[in-house]
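Enquirer: after the sequence you'll find the predicted model.
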Amino acid sequence: MKRVFWLLSGLNRRMMKLLFALALIAYIACEYIDLILLSIQENGDVKIEQKIDEAVAPLREKIRDLEQSFSQKYPPVKFLSEKDRKRILITGGAGFVGSHLTDKLMMDGHELTVVDNFFTGRKRNVEHWIGHENFELINHDVVEPLYIEVDQIYHLASPASPPNYMYNPIKTLKTNTIGTLNMLGLAKRVGARLLLASTSEVYGDPEVHPQNEEYWGHVNPIGPRACYDEGKRVAETMCYAYMKQEGVEVRVARIFNTFGSRMHMNDGRVVSNFILQALQGEPLTVYGTGSQTRAFQYVSDLVNGLVLLMNSNISSPVNLGNPEEHTILDFFSPPVNMLSSVPKRIRLNPNAYRGRAVSRSQIQFLSEAQDDPQRRRPDIRKAKMMLGWEPVVPLEEGLNKTIQYFSRELEHQANNQYIPKPKAARMKKGRPRHN
Ligand SMILES: O=C(O)[C@H]1O[C@H](OP(=O)(O)OP(=O)(O)OC[C@H]2O[C@@H](n3ccc(=O)[nH]c3=O)[C@H](O)[C@@H]2O)[C@H](O)[C@@H](O)[C@@H]1O
């Protein structure tokens, strides 16, 4: 201590000031370093927290989804007694028509098994039933046998739009022949009734107009549509062979042109093509002159007809379609003029179509599709008389609903950065893949 006093007493005032200043600088530097270290630590903490947040976010989303699925609300379903409740199989039940039929039968209170190979069907079409105690979805191709216990089989599995069934003709043939045999085999084993979704295409390019159920048809057996037309014709033949030989109860619906929500955006049939093209301000594609005719029914009418037929005692074929006939050129105006009801946010070229009649410059005439039936209109007297069924949804109302559906789909697709193009009804070049 003495030494320290001795040293200090030896220092002069200037030296004292210098020492004091140095001590002050050292003190400030220490404090500053402390501050820097603290902020580095805080920054590190923030980064770690961010990383944790990023890793946990998907888990949080999963938990939210799970919570939602636990509290999922299903459309209202009737309660049926054990006696009235049926176990029903719908093949192709996730497709356009199949999913609407699924909705009806579920809401009517039945137990459903939906089978689909998702070639043209989509899980989205039936996702609102997933988890319901009366509903089961099986990813299965009817070309393979199926062993389940059911009371009724609605056999709808097959691509139905020309570009889809021509995409892989061998597969279309297998689906309609082997697939139908498998379902008839199942019906025989378990004593179920089977309804075949046949088609107006069994009449081919008809020489009788309108087409009634007695007409045998005019089909080119080696043309590009034959895989579907002949596939369905032989499917009908199989139904009646099983009925006569094995006593299987069969119902055959000859379905005419149908449209509505849940048609695939790339379906390629005329209604979805025109709506999609008009919504996107593209020219409407007409194959040939457009003087060929069709009669279009809304999907809910068809579904009611299918259920009535299944539960009737009519085993012979029945036409289900809307007898209001239009040329394809005629058919432009309603969907196009209805676009004014579509919200502006939809990706739509406002200079094209909106609220105006279509001029010929907005039509792209393409070559005629081979073997395209020139006239088609159902004679529905049998369905009226024996089922008390006829279509009730006016064309404009059905189109309006379909336009709204496609608008929402386009918006959904646009949000997902993908805008589908309508598919042309052309044969795929080269050798198609098949299995
Ligand atoms: O919608 C249906 O229910 C029916 O559709 C198709 O039969 P198709 O009458 O050829 O149906 P579309 O492809 O919609 O064609 C209808 C008419 O419009 C024409 N078309 C089609 C698409 C297009 O963009 N432009 C166009 O002019 C076709 O050439 C045809 O003359 C199927 O073959 C049937 O099995 C099915 O029952």
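Expert: It's in. Numbers count the residues shown, from 1 in each chain.
Enquirer: return the distance of stretch 246-264 from the chain's centre.
Expert: Computed by CA atoms, centre = their mean, to the nearest Å, the separation of stretch 246-264 from the middle of its chain amounts to 17 Å.
Enquirer: could I have that stretch exported to PDB, CA atoms only?
Expert: Taking Å, rounded to 0.1, in the frame of the first residue of the first chain, the C-alpha atoms of stretch 246-264 are listed here in PDB:
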ATOM      1  CA  GLU A 246     -77.600 -67.100 -64.300                       C
ATOM      2  CA  GLY A 247     -80.700 -65.200 -63.300                       C
ATOM      3  CA  VAL A 248     -78.800 -62.000 -62.500                       C
ATOM      4  CA  GLU A 249     -81.100 -59.000 -62.200                       C
ATOM      5  CA  VAL A 250     -79.900 -56.300 -64.600                       C
ATOM      6  CA  ARG A 251     -80.900 -52.800 -65.600                       C
ATOM      7  CA  VAL A 252     -79.500 -51.000 -68.700                       C
ATOM      8  CA  ALA A 253     -79.600 -47.200 -69.000                       C
ATOM      9  CA  ARG A 254     -78.800 -45.800 -72.400                       C
ATOM     10  CA  ILE A 255     -77.400 -42.400 -71.400                       C
ATOM     11  CA  PHE A 256     -77.500 -39.500 -73.800                       C
ATOM     12  CA  ASN A 257     -75.300 -36.400 -73.700                       C
ATOM     13  CA  THR A 258     -74.900 -35.100 -70.200                       C
ATOM     14  CA  PHE A 259     -73.200 -32.100 -68.700                       C
ATOM     15  CA  GLY A 260     -72.800 -30.300 -65.400                       C
ATOM     16  CA  SER A 261     -70.400 -29.600 -62.500                       C
ATOM     17  CA  ARG A 262     -67.500 -31.900 -61.900                       C
ATOM     18  CA  MET A 263     -66.900 -32.500 -65.600                       C
ATOM     19  CA  HIS A 264     -63.100 -32.600 -65.900                       C
END
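Enquirer: that one and the ligand, any residue contact?
Expert: Yes: interface with the ligand: stretch 246-264 contributes 255, 257-258 (CB under 6 Å from any ligand atom). Where you see a C-beta, it was placed from the backbone N, CA and C, and this is true even at glycine.
Enquirer: most surrounded residue in these?
Expert: Greatest neighbour count in the residues of stretch 246-264 next to the ligand, by other CB atoms under 10 Å, goes to Thr258: 26 neighbours.
Enquirer: about what we covered before: include distance to Pro75 when you put the residues of stretch 246-264 next to the ligand into JSON lines, please.
Expert: Output for these, formatted as JSON lines (distance: CB to CB, whole Å):
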{"residue": "Ile255", "distance to Pro75": "25"}
{"residue": "Asn257", "distance to Pro75": "27"}
{"residue": "Thr258", "distance to Pro75": "22"}
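Enquirer: can you put these in JSON lines and add pLDDT and secondary structure?
Expert: Listed next are those as JSON lines, based on pLDDT from 0 to 100; DSSP: H, G, I helix; E, B strand; the rest coil:
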{"residue": "Ile255", "pLDDT": "98", "secondary structure": "strand"}
{"residue": "Asn257", "pLDDT": "98", "secondary structure": "coil"}
{"residue": "Thr258", "pLDDT": "98", "secondary structure": "strand"}
